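Novice: what's the 3D shape of this:
(one chain, ligands or ions: 1)
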Amino acid sequence: MRDKIYFITDSHLGIDEASLQRERQLCALLDEIKDEARMVVFLGDIFDFWFTYRHVVPRGMIRLLGRMAQMADDGVELHFFIGNHDMWLFDYLTSQMKITMHDAPAMIEYDGKRFLMGHGDGLGHTDPKYDRLKRIFRSRLNQRLLALVPTRLTFGIANAWSHRSRRSHGAECYSYQGDAKEGIVVYCRQQLASQQIDYCVFGHRHTPLVRTIAVEGGSSSLYVNVGDWLVHRNYAVYSPTEGLILRDYEAE
Ligand SMILES: [Mn+2]
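Specialist: Prediction:
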C-alpha cells in the first residue's frame, strides 16, 4: 500500500569517486520503496554541485534523475528542498518531472500529522556573513552572470570550493553541538512556540539524530535529523502505523 513518506538527504553526488556507488545504492533504495511510497522528500545537498543552464545539463547523476522521473510518472509525490550545495537547480526538476521545489522550510500535512521539513542551513542563529553569502548566491543577476561563465571554470571552482569546505569544517559536521548551538533545533523550537508540529525533519548536519524537543507551555515535537547518504546511508520513513523512524540502509 502506498502510505509511507520517505526522507533522503545529503548524498552529495559528484563530490568524489565513490559517488557512483552511492548513487547506485540510493537507486536500489528507491527501487525497494517505490511501491510503498506515497511521497518521497529529498532534503537537499543531493547533488554536490549543480547549475541549471538553459540548454545543457551537467554530466552525471543520470541514474538518480531517471529513478526520480520514473517515480513521478508513477504517481509518487516528490518534494525537493534545495540545500546549500544544490541551490541552483532552479526549475530543472520541475520542468522534467512533477516535483515540488522548496527554497525554505515548509510544513506538509499528512495522515493528520504536521511535518516541518527543510534542508537546515542558515537557520536559528543570525549569521550576517552567511546571510550575505546566501543573498549573493541567490541574486538573480549573479545567477544570470554565472550562466555566462565557461562551465570548465564554474565546475573547477565548485569542486575546489567543495573540497576546501569539507577539509575546513569536516569534523564539526559530524558531531552534535548541543541544543543551544544547533541552529536547526533553535529554529524548530521557535516554530514550536506558536504552532503544533508533530515532526521536524531536516538534513544538512550529516548527523543522524532523533530527539524530543519541547517548549514552555507543553508543546513538544520529534526532531529527526536524517543524517546523510554520504557517510551514513541513513533515511527516514513515516508510516501511519509506526510513525517516523530513522533507518540505516546498509544494516538491512
Ligand atoms: Mn548542507
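Novice: contacts, neighbours, all on C-alpha from now
Specialist: Will do.
Novice: What residues sit buried inside stretch 9-29?
Specialist: Of the residues in stretch 9-29, those with enough neighbours to count as buried (16 or more other C-alpha atoms under 10 Å) are 9-15, 19-20, 22-23, 25-27.
Novice: So which of those are in helices?
Specialist: Residues from the buried residues of stretch 9-29 lying in helices, with DSSP state H as the criterion: 19-20, 22-23, 25-27.
Novice: Tell me the one among those nearest to Leu141.
Specialist: Nearest to Leu141 among those: Ser19, at 31.7 Å, using C-alpha to C-alpha.
Novice: need the contact list for the closest one.
Specialist: By C-alpha atoms under 8 Å, 6 or more residues apart in numbering, Ser19 lies in contact with 12-13.
Novice: count of neighbours near Arg135?
Specialist: By the criterion of other C-alpha atoms under 10 Å, Arg135 has 12 neighbours.
Novice: what element comes up after the helix or strand that contains it heading to the C-terminus?
Specialist: Using DSSP states H and E, the element containing Arg135 is helix 128-138. Using DSSP H and E, the next helix or strand after helix 128-138 towards the C-terminus is helix 140-148.
Novice: In CSV, could you pull the C-alpha coordinates for that following helix?
Specialist: The C-alpha trace of helix 140-148 is given here as CSV (Å, rounded to 0.1, in the frame of the first residue of the first chain):
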residue,chain,number,x,y,z
ARG,A,140,19.0,36.7,-10.0
LEU,A,141,21.6,39.0,-11.6
ASN,A,142,24.5,37.0,-10.2
GLN,A,143,22.9,33.7,-11.3
ARG,A,144,22.5,35.2,-14.9
LEU,A,145,26.1,36.2,-14.9
LEU,A,146,27.2,32.8,-13.6
ALA,A,147,25.3,31.2,-16.5
LEU,A,148,27.7,33.0,-18.9
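Novice: Other residues contacting stretch 110-123?
Specialist: Residues beyond stretch 110-123 that count as contacts (C-alpha under 8 Å, 6+ apart) turn out to be 9, 43-45, 81-84, 104-109, 130-131, 183-184, 186-187, 196-205, 240.
Novice: same deal with stretch 206-221?
Specialist: Applying C-alpha under 8 Å, 6+ apart, the set of residues contacting stretch 206-221 is 10, 173-176, 185, 189, 192-193, 196-200, 222-228, 231-232, 234, 246.
Novice: go on, stretch 61-72?
Specialist: Counting by C-alpha under 8 Å, 6+ apart, residues outside stretch 61-72 touching it are 13-14, 20, 23-24, 26-27, 30-31, 34, 78, 96-99.
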